[in-house]
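Undergrad: Dropping a prediction and its sequence here:
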Amino acid sequence: MNLEQALLEQVRSLNPAEQQAVLDFATFLRQRVSVAIKEPTPGLHKDVPYWMADDFDAPLPDEFWLGES
């Protein structure tokens with residue numbers, strides 16, 4: 001028996017709710033893999049203008065961290 005046959009045999013022995021859970025998990029796995037293997041696109045945002053404040057690296061005030069106004 002190969003892997004596919006063993007998998008089908010196991011899934012067929014489950015009730016419909018359990019089969020749905022297996023299907024949901026398989027769908028999750030396929031989506032995770034398809035997202036993980038996307039290749040970077042060089043130059044994708046090359047024409048997007050950007051701006052960075054002169055004080056970008058300046059420490060933030062205590063009010064920022066403490067949530068005070």
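TA: That came through, no problem.

Undergrad: what's the neighbour count on residue 19?
TA: Neighbouring residues of residue 19 were enumerated by other C-beta atoms under 10 Å; the total is 13. To be clear about C-beta, it is placed using only N, CA and C from the backbone, and glycine gets the same treatment.

Undergrad: quick one: it and residue 54, what's the gap?
TA: 59 Å (C-beta to C-beta, to the nearest Å).

Undergrad: do the same with residue 63
TA: 21 Å.

Undergrad: quick one, which of these two is more surrounded?
TA: residue 63 (9 against 6).

Undergrad: Need the three-state assignment for that one.
TA: helix (DSSP: H, G, I helix; E, B strand; the rest coil).

Undergrad: separation between it and residue 55?
TA: 16 Å.

Undergrad: Need the mean per-residue confidence for the helix of greatest length in the chain.
TA: With DSSP state H setting the assignment, residue counts place helix 16-36 as the longest helix in the chain. Averaged across helix 16-36, pLDDT comes to 86.

Undergrad: and if you look at stretch 61-69?
TA: 86.

Undergrad: So which bits of it are buried?
TA: Using 16 or more other C-beta atoms under 10 Å as the burial criterion, none of the residues of stretch 61-69 qualify.

Undergrad: how about the CA coordinates for that stretch, as CSV?
TA: The C-alpha coordinates for stretch 61-69 follow below in CSV (Å, rounded to 0.1, in the frame of the first residue of the first chain):
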residue,chain,number,x,y,z
PRO,A,61,9.8,60.1,24.8
ASP,A,62,8.6,58.3,27.9
GLU,A,63,5.1,59.3,27.0
PHE,A,64,5.2,57.1,24.0
TRP,A,65,6.2,54.0,26.0
LEU,A,66,3.9,54.8,29.0
GLY,A,67,0.8,55.8,27.0
GLU,A,68,0.6,59.2,28.6
SER,A,69,-0.8,62.2,26.8
